[in-house]
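> I need the structure of the sequence given here:
(chains A, B, C and D)
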2 protein chains.
Amino acid sequence: MNPDDHIIADIRQFNRFYTNILGLLDKHVLNTGYSFTEARVILEIGFLEQCIANQLVDKLDIDRSYMSRIIAKLSKDGLLSKENSALDSRTSLIRLTPEGTAFFNRLNEKSDEQIVRLLQGLSQQEIKELHTSMLLIQKKLEKPEGI
Amino acid sequence: MNPDDHIIADIRQFNRFYTNILGLLDKHVLNTGYSFTEARVILEIGFLEQCIANQLVDKLDIDRSYMSRIIAKLSKDGLLSKENSALDSRTSLIRLTPEGTAFFNRLNEKSDEQIVRLLQGLSQQEIKELHTSMLLIQKKLEKPEGI
DNA sequence: ATTATTTGTTGACAAAGTCCACTAAATAAT
DNA sequence: ATTATTTAGTGGACTTTGTCAACAAATAAT
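Next up is the predicted model:
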């Protein structure tokens, strides 16, 4: 169809390839006792520091009811706390507890280790090239604004 | 930990970013009546042209019993055929039927369109850079041999 | 004030994936 | 050759993951 059919084929090939890479990297999470989705929620709360359930729903694109249950579970497990919001009493302010933060940190460390492992065997020069390539891809593909 | 902490952070950022990209690209599959996993199976059979179940299990890292059920479903739906292997009568040779191939082609077309859409707004030069970057990443990260 | 919308929760399901045991065939070991 | 061992596939039973619809309470819009 297009003049650059082989480019499209290569990009799709890259996407398949990188799906695998990401899959490998994500697997380590599963040794933590939490699912990938639960881990995403914990990470997001960690990054946001404080939030309400609906923010997580929007940001992570997870069903409201499902999110409600995940939060209930994590709360029961003592990883996060809910405090009634004064501004809007339908909502609760969600934060990581110290245990939650510890978990968050462990998760981050493990993720970093995974990356180190991924880069194993590459020279500094090669890592630099890789890095540059990733930045370029991200820059080119990120839309200026929401879709 | 490492001298290149910010590189690790950037790579993780890229991974999160690209997870989203892939998620967007994959969504279109869900309008086909088949799940993402089922689509992967169909695509893989299409690429291999002929295979046995176990190859798919290994290549796609899907549980044997689950694969068995997926194949049964796709077979029932008329997308693929199973023929007893003469060489190893434990196995069946799996191929796409004409309907399966049609589905495969549609899937491929849709995937190509998705890529075109992704590249929308980029100049030829930018696309070329993107392409080069992807090839580099793939080259650097693909292990010479199985793990 | 009344209506509409938003936020979160619950019950009931459906879809996706896993674990285990089993059969039958193919290979390896003796 | 006969007996293990391994491999390929299947089916039952199950867990996990995710969805949908209905609901109450609070807030926002008219």
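> for the residue nearest to the spatial centre of chain A, which non-adjacent residue is spatially closest?
Nearest to the mean C-alpha position of chain A, by C-alpha atoms, centre = their mean, lies A:Arg40 at 5.0 Å. Spatial nearest neighbour of A:Arg40, chain neighbours left out: A:Leu60 (5.7 Å); criterion: C-beta to C-beta, 6 or more residues apart in numbering or on different chains. (Each C-beta comes from the backbone N, C-alpha and C, glycine too.)
> do A:Asn15 as well
Distances taken as C-beta to C-beta, 6+ apart place B:Leu22 nearest to A:Asn15, at 6.1 Å, with adjacent residues excluded.
> thought the one you found was touching A:Asn20?
No - here B:Leu22 does not reach A:Asn20: they are 11.0 Å apart, not a contact under C-beta atoms under 8 Å.
> ok so the residue nearest to A:Asn15 is a helix residue?
Yes - using DSSP: H, G, I helix; E, B strand; the rest coil, the assignment for B:Leu22 is a helix.
> hang on, the earlier thing: how close does the residue nearest to A:Arg40 get to B:Asn20?
Using C-beta to C-beta, to the nearest Å, A:Leu60 is found at 11 Å from B:Asn20.
> ok, now which ones touch A:Asp26?
Taking C-beta atoms under 8 Å, 6 or more residues apart in numbering or on different chains, we find A:Asp26 in contact with A:Phe36.
> for A:Arg69, pull up the helix or strand it's in.
Element membership of A:Arg69, judged by DSSP states H and E, is helix A:64-76.
> for that helix, buried residues please.
The neighbour-count check on helix A:64-76 (16 or more other C-beta atoms under 10 Å in any protein chain shown) flags A:67, A:70-71, A:74-75 as buried.
> adding distance to chain B, write the residues you listed out as TSV.
Below are the buried residues of helix A:64-76 laid out as TSV (distance: C-beta to the nearest C-beta, whole Å):
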residue	distance to chain B
A:Met67	17
A:Ile70	18
A:Ile71	21
A:Leu74	20
A:Ser75	25
